[in-house]
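J.: one predicted model, sequence on top.
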Amino acid sequence: MNKTTHKIYLATMASVVVVVTIYLAYTGYSYYQTPLEERFYHPRHDWFKPSGAFGHGLGIIGTLLILIGVSLYIARKRYNFLGKLIRLKYLLEFHIFLCTLGPIMVLFHTAFKFGGIVSVAFWSMVAVVLSGVIGRFIYIQIPRTIEGRQLSLQEVKGMKTDLSSTLYDQYQLDDDTIEIFVQFTQFEEQGTQKISSSRLKQALKKSNIPIDKRKDVLKLLKNERTLSRRIARLQTMQKLFKYWHVANLPFALIMLVIVLIHIGVTLAFGYKWIF
């Protein structure tokens, strides 16, 4: 999947979420804004109520989307399911799509009426969704291969070049200029004084580097600084990701258990959908 196709892929999923949300809100607006004690008299109460054909269907479809999204991602990550057909990165994005659209449909299934044990499941679902946003942010901070595999600290360090030797061998720079360039790439990692872009450009002008080669040097320095930042953040982000899993799992389990109880109670009381 090239960059253009990937952008279309993301835009399509985002559009679906937005369109579905707008449609659900517009279709049931008059019902959802009606006070709870007056909804029984609404002309479409039997359609939009949680046990109605529309409301019940939203709950079923939303729950299935969440289960499919979670199951596919776990199967791919732990058992390499579909590993030869789709990269983990794209499957994670599809997982986020399903686990965003599903809770939205479940929200409209409740008709914005929260109470009893179901409210615990709902707020657990909200916590899972919010933690998923945080988890996604942490995930993208960790360097990965093009296939989506997480890079180790040694692999990231191996991507760095011997900057001092490269600058000396290719451009015959003096030690003071090389020190400025090295500090520019490593100040965040090493805690040394910050080298500004303006000072860097001044050093470039004073050096004996040809004008047509200065862009190449600047690109090299910026790449090295990016790698230094990644190395400095890598271990922190890996730890945060582990802690995130620990915090995310209880909410997901609570939601799952209560949803199963909710489904069991619903069936026990004879609430069925269109079947």
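T.: Sure thing, it's come through.
J.: state the distance from Leu72 to Ile8.
T.: Distance from Leu72 to Ile8, counting by C-beta to C-beta, to the nearest Å: 21 Å. For the C-beta atoms, the positions are set from N, CA and C on the backbone; glycine is no exception.
J.: more neighbours, these two?
T.: A count of neighbours by other C-beta atoms under 10 Å puts Leu72 above the other of Leu72 and Ile8, at 18 against 12.
J.: show the subsequent helix or strand relative to the strand or helix carrying the more buried one.
T.: Element membership for Leu72, per DSSP states H and E: helix 53-79. As assigned by DSSP H and E, the chain's next helix or strand after helix 53-79 is helix 88-109.
J.: got the buried residues for that following helix?
T.: Residues 88-92, 94-109 are the ones in helix 88-109 that count as buried (16 or more other C-beta atoms under 10 Å).
J.: same for it, what does it pack against?
T.: Helices and strands touching helix 88-109, by 3 or more C-beta pairs under 8 Å, 6 or more residues apart in numbering; DSSP states H and E, are helix 3-27, helix 53-79, helix 116-141.
J.: hmm, try it at 6 Å
T.: In terms of contacts (3 or more C-beta pairs under 6 Å, 6 or more residues apart in numbering; DSSP states H and E), helix 88-109 is packed against helix 3-27, helix 53-79.
J.: any chance of these in JSON lines, plus distance to Leu204?
T.: Shown next, in JSON lines, are those (distance: least, C-beta to C-beta, whole Å):
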{"stretch": "helix 3-27", "distance to Leu204": "31"}
{"stretch": "helix 53-79", "distance to Leu204": "45"}
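J.: tell me which of these is the most buried.
T.: Highest mean neighbour count among the helices and strands packed on helix 88-109 (mean count of other C-beta atoms under 10 Å): helix 53-79, with a mean of 17.
J.: how far off helix 3-27 does that helix point, in degrees?
T.: Interaxial angle of helix 53-79 relative to helix 3-27 (axes from the mean of the first three to the mean of the last three C-alpha atoms, to 10 degrees): 150 degrees.
J.: what are the buried residues along stretch 208-225?
T.: Residues 209, 217-218, 220-221, 224-225 are the ones in stretch 208-225 that count as buried (16+ other C-beta under 10 Å).
J.: return the alpha-carbon coordinates of it using PDB.
T.: Extracted C-alpha coordinates of stretch 208-225, given in PDB (Å, rounded to 0.1, in the frame of the first residue of the first chain):
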ATOM      1  CA  ASN A 208      34.600  25.000   3.500                       C
ATOM      2  CA  ILE A 209      31.600  22.900   2.400                       C
ATOM      3  CA  PRO A 210      30.500  23.800  -1.100                       C
ATOM      4  CA  ILE A 211      27.100  25.500  -1.300                       C
ATOM      5  CA  ASP A 212      25.600  22.700  -3.400                       C
ATOM      6  CA  LYS A 213      26.600  20.200  -0.600                       C
ATOM      7  CA  ARG A 214      25.300  22.100   2.400                       C
ATOM      8  CA  LYS A 215      21.700  20.800   2.000                       C
ATOM      9  CA  ASP A 216      23.100  17.300   2.100                       C
ATOM     10  CA  VAL A 217      24.900  18.000   5.300                       C
ATOM     11  CA  LEU A 218      21.900  19.700   6.800                       C
ATOM     12  CA  LYS A 219      19.700  16.700   5.900                       C
ATOM     13  CA  LEU A 220      22.300  14.400   7.500                       C
ATOM     14  CA  LEU A 221      22.400  16.400  10.700                       C
ATOM     15  CA  LYS A 222      18.600  16.500  11.000                       C
ATOM     16  CA  ASN A 223      18.300  12.800  10.400                       C
ATOM     17  CA  GLU A 224      20.900  12.100  13.100                       C
ATOM     18  CA  ARG A 225      19.000  14.400  15.500                       C
END
